[in-house]
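Undergrad: just the structure for this:
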Amino acid sequence: MAKQQRVVVISDPQAIRALAHPARQQVIDELYNGRVLTATECAELAGLTPSAMSYHLRALEKWGIIERAEETADGRERPWRSKAASLRIDSTSAGAGRLAGQAIMRTAVDRVLAQFEELSDEDPWDDVSMMSRSRLWLTHDEAVRFGQELSELVDRYKQHRTQSDHPAGTRAVGSLYAVVPLGKPAEDS
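TA: So this is what the prediction gives:
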């Protein structure tokens, strides 16, 4: 199997819309965290039948998001893996692309809210859970740089760590950030 690329960028509105399905996002999260899973294992994670999950996996493969991994030792079922180390959604286009991006963001935000709800009050890591919302006044160039720096910060902490390859004492920590221009652009921007 060929070496994985670094980033898969999805910009096609239909592909972005295909990502908005909660079961697909759950599987993508696992595969892009370094797991290699069979359709049956993916189905168990998402609470679907293996045949329903196979449909979703083939759709994700069609859009270049995941790919088949090497066959298992017994050869009965070929597992799936991410197509790259990370996945980026580029929904900057107008119309259908924008709507598809909003659909995937809504699903992602709902998942983060559920993760906050699932966190026990007695969890010893509860002190690191947080959410921050800010309004910044930035030029276009500053906003671009801000988004790039946020991505670089996340990449620095990822350090190629996955569910199957990480130091002792670590724990999976979810993060979600968005950079959204508000209001109308300045006349001189």
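
Undergrad: what residues does stretch 122-137 touch?
TA: If you take C-beta atoms under 8 Å, 6 or more residues apart in numbering as the criterion, stretch 122-137 is touched by 116, 119-120, 146, 171, 173, 182. The way it works is simple: take the backbone N, C-alpha and C, and place the C-beta from them, glycine included.

Undergrad: again, only this time at 6 Å
TA: residue 119 (C-beta atoms under 6 Å, 6 or more residues apart in numbering).

Undergrad: so which bits of it are buried?
TA: Across stretch 122-137, burial judged by 16 or more other C-beta atoms under 10 Å covers no residue at all.

Undergrad: that one: end-to-end distance?
TA: Start-to-end span of stretch 122-137 (C-alpha to C-alpha, to the nearest Å) is 38 Å.

Undergrad: now do the same end-to-end measure for stretch 128-146.
TA: First-to-last residue span, stretch 128-146, C-alpha to C-alpha: 23 Å.

Undergrad: what's the offset of it from the middle of its chain?
TA: Stretch 128-146 has its C-alpha centroid displaced from the chain centroid by 20 Å (C-alpha atoms, centre = their mean, to the nearest Å).

Undergrad: stretch 114-133 too?
TA: That offset, for stretch 114-133, works out to 19 Å (C-alpha atoms, centre = their mean).

Undergrad: tell me how far the residue nearest the centre of the chain lies from residue 46.
TA: For the chain, the residue nearest the mean C-alpha position is residue 29 (5.4 Å; C-alpha atoms, centre = their mean). As judged by C-beta to C-beta, to the nearest Å, residue 29 and residue 46 stand 10 Å apart.

Undergrad: go on, residue 149?
TA: Relative to residue 46, and taking C-beta to C-beta, residue 149 is found at 34 Å.

Undergrad: what about stretch 60-76, how long is it end to end?
TA: End-to-end distance for stretch 60-76: 21 Å, by C-alpha to C-alpha.

Undergrad: same check on stretch 27-41?
TA: By C-alpha to C-alpha, one end of stretch 27-41 lies 9 Å from the other end.

Undergrad: same question for stretch 71-86.
TA: End residues of stretch 71-86 are separated by 23 Å (C-alpha to C-alpha).
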